[in-house]
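Student: Quick one, what's the 3D model for this:
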Amino acid sequence: MHRSKQDLRTWFWGAYLVSTLTPGVSAVQFQRQLGISRYETAYNMLHKLRSALVAPDRELLLDEVEVDETYIGGEEEGHPGRGSEKKILVVCAVELVRWVDKKTENERVRPGRIRLRAIPDASSNSLIPFVTGNVKPGSIVRTDGWAGYLPLSKEQYVHQPIVQGQGKDAVHMLFVHIVFSNLKTWLLGTYHGGVQEKHMQAYLNEFVYRFNRRFFRGPAFNRALGLATEAECWPTYKNLYKAGEADGWIHPG
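Tutor: Numbering: from 1, shown residues only. Alright, predicted model coming up:
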């Protein structure tokens, strides 16, 4: 925000909408609602705010965690599933929170915190560092039977691979798939599926930030401002548009 030509209140509105509004806000919507003259200005402002949404000291997920991957993008003829070449591969970790309902005395479970990362492939070299960098050692980690997760048994986790099937007795990792469904609905509804691969991580960071603070909208806004003022680096107009190149901006995450 330092030495910005935009009014400080415009920055605050951007931080508020990005951190608390469930569907988020696109640069086009932000430009229109705040009366910003140029689309590029709104686009750059939102990306600067997104660059601060990953807390450097965030705690690892723990206890029970579901991990899976999905592809973001439309249908690609001849390349189903992990054989896709144009879609963006995203891996997700979801922490499970269990508690006892005082009214029914039944145990219930819901998704807690999440982590998302765009990865180049579904190999162990991509999946294992994601898990070790986001999940606390000693936790139970549930995945599907994909071979890329097998090295988890050699790490400090209780790895529980699940072979998912169909029918009434089928076993599913429910919550990670709920997160993927919400993520895809958001990207399609707010951005109409137009997020570029080189910027995908920024939008994943935004989604994770709001999801993890969905019960605390007010503090989410305050925290976003705090992280923004503590940020040590942020994208410039020039290196943001060169993201994905050697001298371009690298989205945190």
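Student: Remind me what the helix or strand bottoming out on mean pLDDT in the chain packs against, helices and strands.
Tutor: Least confident helix or strand, the chain: helix 217-230 with a mean of 88, by mean pLDDT, DSSP states H and E. For helix 217-230, the helices and strands in contact under the criterion 3 or more CB pairs under 8 Å, 6 or more residues apart in numbering; DSSP states H and E are helix 8-20, helix 39-50, helix 200-212. Bear in mind the C-beta positions are built from the backbone N, C-alpha and C, glycine included.
Student: Tell me what angle the last one forms with helix 217-230.
Tutor: Right, helix 200-212. Relative orientation of helix 200-212 and helix 217-230, computed by axes from the mean of the first three to the mean of the last three CA atoms, to 10 degrees: 140 degrees.
Student: Kindly provide the whole-number mean pLDDT of helix 200-212.
Tutor: For helix 200-212, mean pLDDT rounds to 96.
Student: Enumerate every residue touching the most centrally placed residue in the chain.
Tutor: The residue lying closest to the centre of the chain (CA atoms, centre = their mean) is L204, at 3.1 Å. Residues in contact with L204, defined by CB atoms under 8 Å, 6 or more residues apart in numbering, are 90, 116-118, 183, 253.
Student: please redo it, this time with the cut-off set to 7 Å
Tutor: By CB atoms under 7 Å, 6 or more residues apart in numbering, the contact list for L204 reads 90, 116-118, 253.
Student: looking at those, which has the most residues close by?
Tutor: L116 (24 neighbours; other CB atoms under 10 Å).
Student: got the contact list for it?
Tutor: The neighbourhood of L116, defined by CB under 7 Å, 6+ apart, consists of 90, 92, 204, 207-208.
Student: hang on, the earlier thing: lowest-confidence one in the contacts of L204?
Tutor: Lowest pLDDT among the contacts of L204: G253, 82.
Student: Which stretches in the protein count as strands?
Tutor: For the chain, applying DSSP state E gives strands covering 64-72, 88-100, 107-119, 140-143, 158-161.
Student: now, of those strands, which is deepest in the fold?
Tutor: strand 64-72 (a mean of 23; mean count of other CB atoms under 10 Å).
Student: just how off-centre is that one within its chain?
Tutor: Counting by CA atoms, centre = their mean, to the nearest Å, strand 64-72 is centred 11 Å from the centre of its parent chain.
Student: Quick one: residues in contact with it.
Tutor: 84, 87-96, 122, 131, 135, 139-144, 173, 175-176, 180, 184, 187, 200.
Student: give me the beta-bridge partners of the closest residue to V208 other than its chain neighbours?
Tutor: Closest residue to V208 apart from its sequence neighbours, by CB to CB, 6 or more residues apart in numbering: L116 at 5.3 Å. Counting by DSSP bridges, L116 is bridged to C92.
Student: shaky segments in this structure?
Tutor: 74-85, 164-171 (pLDDT under 70).
Student: send the alpha carbons of the longest helix along it over as CSV?
Tutor: Selection of the longest helix in the chain by residue count, based on DSSP state H, yields helix 174-191. The C-alpha trace of helix 174-191 is given here as CSV (Å, rounded to 0.1, in the frame of the first residue of the first chain):
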residue,chain,number,x,y,z
LEU,A,174,-15.5,-37.5,1.9
PHE,A,175,-14.1,-34.2,3.0
VAL,A,176,-11.2,-33.8,0.6
HIS,A,177,-13.7,-34.3,-2.3
ILE,A,178,-16.1,-31.7,-0.7
VAL,A,179,-13.2,-29.2,-0.7
PHE,A,180,-12.4,-30.0,-4.4
SER,A,181,-16.1,-29.5,-5.3
ASN,A,182,-16.2,-26.2,-3.5
LEU,A,183,-13.0,-25.1,-5.1
LYS,A,184,-14.1,-25.9,-8.7
THR,A,185,-17.5,-24.3,-8.1
TRP,A,186,-15.7,-21.1,-6.9
LEU,A,187,-13.2,-20.9,-9.8
LEU,A,188,-16.0,-21.5,-12.3
GLY,A,189,-18.5,-19.1,-10.7
THR,A,190,-16.2,-16.2,-9.9
TYR,A,191,-13.6,-16.5,-12.6
